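S.K.: what follows is a predicted protein model with its sequence.
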Amino acid sequence: MYRFFKRIFLSVWIISIATMLVTAFAARLLPEATDSKPLFLEQLTQHISRELTRQLQQNPNMTDDEIASRHILDYDNLIKVFIINPEGEDVLGRDLGKYLPLNYEYANDQRLVVIYDEIYDYTVVGYRRSFPFGQVLVKPGARLVLAVTALIISVIVSIALARYVVQPVRHLREAGKRVATGDLTVRVAHQVEGRRDDIALLAQDFDFMTTRIQELLEKQKRLMRDVSHELRSPLARLQALFSLARQKLDKQGGKLDIEHIADMEEESERLNSLIERILVFTRLDSVQEINRHKTDLVDLLQVIAEDAAIEGAEQNKDVLVSGSKYCILNVDSALLHSAFENVIRNALRYTEPNTNVRVQLKETDQQIDISITDNGPGVPEQELALLFEPFYRVETARTHKMGEGGIGLAIVERAIKLHGGSVYAENMKAGGLNVHITLPK
């Protein structure tokens, strides 16, 4: 960090010194930095003086206005030429005290060129405007004082600039050390508040990064906690069934009741299904590329709807697919089959008896919109945004009753996102839940 500070300080300081040296060298080439009067000013004043003498010889009674009209006496406010009449007034009526010092005839001023006309009592004065430091620089020792002053100022500015750049970097470095020790609550953007440069953006990106890492770790911890809980429930039921089966064996002389065997088999299948879904979700969470091929989404939805309708036939539930007659899209059919099936079977379980699940597919120029609507109890509004979180349970235990441990909709969201799409859920005004899926073309 100190090396970084030194580099910035030395870079700025060397540039400042180099600039001063070049400026000093260039200043020596300028007339203002020498003790001699500018040649151009002398030549101009002499020329006007000669012309004035010639004109007065031809017409000694010339008025001030006539003299002023025959000469250019003002050059862009940098050089002025004064023609002073015998009464001591400028022929243009300019205030001499504003430009010329008192007793200008005898003043040793490098800005002035004074020429007297002894015959006609006119005086021609050439005046060159200079910057405030112009006269200071020609004084003995003035340049040394100015150089030392500039050197001190450059050191102060270099230190301030180096600290301005290095200080937030030091904050970021210290924050990085705290993150490395496991403290993800550290934030640095407030320490560079008010800045609008790249370092401020870097601090904001650092805060965003630590926030995201903290959220991901929290999700991982919650996932592990929920997985443990979900696995514990079927295992506890299996242990209870084994205990009951052992008691029955003792009472019935070694004969096992077929009912308990079926219950244990059901719990084993539920446990196996849960583990399989967890593995699928974990695999999808790490997948970046998918195996795409042309698939008719309408045909895919029809197959899922027909299979799901068999389950709902007992309660007179059906799945109706409407919209486009066909829709060919380059997708991973296996992933989308799993995603659509999860949503449709979920809707079929929660729709009321003697009602239908409506699946509608609409195709636009840029995307495919698929909505799956049931006639069930819906989901509390405050929990809709969390519905697709792994193992998240709504208060109505809508997903838990499915036997999927709350991971089915998380698989749906991941599968849709892998296709570049989006999914969200909303409650219908007339009742029921609508899951809306969007896929890009």
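M.R.: Sure, I can see it.
S.K.: and the residue nearest the centre of the chain, helix, strand or coil?
M.R.: Central residue of the chain (Cα atoms, centre = their mean): L201, 6.5 Å from the mean position. Per DSSP: H, G, I helix; E, B strand; the rest coil, the local secondary structure of L201 is helix.
S.K.: look up how far A189 lies from it.
M.R.: Separation of L201 from A189 (Cβ to Cβ, to the nearest Å): 10 Å. (Glycine included, C-beta is placed from N, CA and C.)
S.K.: same check, this time on N330
M.R.: In this view, N330 and A189 are 42 Å apart by Cβ to Cβ.
S.K.: these two: who's more crowded?
M.R.: More neighbours surround A189 than the other of N330 and A189, with 18 against 10 (other Cβ atoms under 10 Å).
S.K.: so what's the more buried one up against?
M.R.: By Cβ atoms under 8 Å, 6 or more residues apart in numbering, the residues touching A189 are A200, A203, Q204, F206, D207.
S.K.: try 10 Å this time
M.R.: For A189, the contacting residues are P168, H171, R195, A200, L201, L202, A203, Q204, D205, F206, D207, F208, by Cβ atoms under 10 Å, 6 or more residues apart in numbering.
S.K.: hmm, R195 and the residue nearest to the centre of the chain touching each other?
M.R.: Yes. The criterion here is Cβ atoms under 10 Å, and L201 meets it with R195 at 9.1 Å.
S.K.: check for me that E389 belongs to a strand.
M.R.: No. Secondary structure of E389 (three-state DSSP): coil, not part of a strand.
S.K.: now the residue nearest to it when sequence neighbours are not counted: how far from K417?
M.R.: Computed as Cβ to Cβ, 6 or more residues apart in numbering, the closest residue to E389 that is not its neighbour in sequence is A410, at 6.5 Å. Noted for A410: a distance of 11 Å to K417, by Cβ to Cβ.
S.K.: cool, and K80?
M.R.: 78 Å.
S.K.: okay, those two: which has more neighbours?
M.R.: Remark: of K80 and K417, K80 carries more neighbours, 19 against 13, as counted by other Cβ under 10 Å.
S.K.: ok, which stretches of this protein are helices?
M.R.: Taking DSSP state H as the test, the helices found in the chain are 2-28, 39-58, 64-69, 96-99, 132-137, 142-180, 198-251, 258-286, 297-312, 333-350, 408-418.
S.K.: so what's the backbone phi/psi at G182?
M.R.: G182 adopts backbone torsions of phi 110, psi 0, taken as degrees, to the nearest 10.
S.K.: for it, what are its contacts?
M.R.: By Cβ under 10 Å, 6+ apart, the contact set of G182 is L217.
S.K.: give me the neighbour count for the closest residue to E352 other than its chain neighbours.
M.R.: Distances taken as Cβ to Cβ, 6+ apart place N375 nearest to E352, at 5.0 Å, with adjacent residues excluded. Neighbour count of N375, defined by other Cβ under 10 Å: 21.
S.K.: do the same with the one 4 residues further on
M.R.: For V379, the count of nearby residues is 20 (other Cβ under 10 Å).
S.K.: over to the one 3 residues further on?
M.R.: Other residues within reach of Q382 by the criterion other Cβ under 10 Å amount to 9.
S.K.: tell me the spacing between E352 and K294.
M.R.: Applying Cβ to Cβ, the value for E352 to K294 is 37 Å.
S.K.: those two: who's more crowded?
M.R.: Per other Cβ under 10 Å, whichever of E352 and K294 has more neighbours is E352, with 14 against 9.
S.K.: that one and G376 touch, don't they?
M.R.: Yes. Counting by Cβ under 10 Å, E352 touches G376, with 6.7 Å between them.
S.K.: what do those two both touch?
M.R.: In contact with both E352 and G376: G431, G432, using Cβ under 10 Å, 6+ apart.
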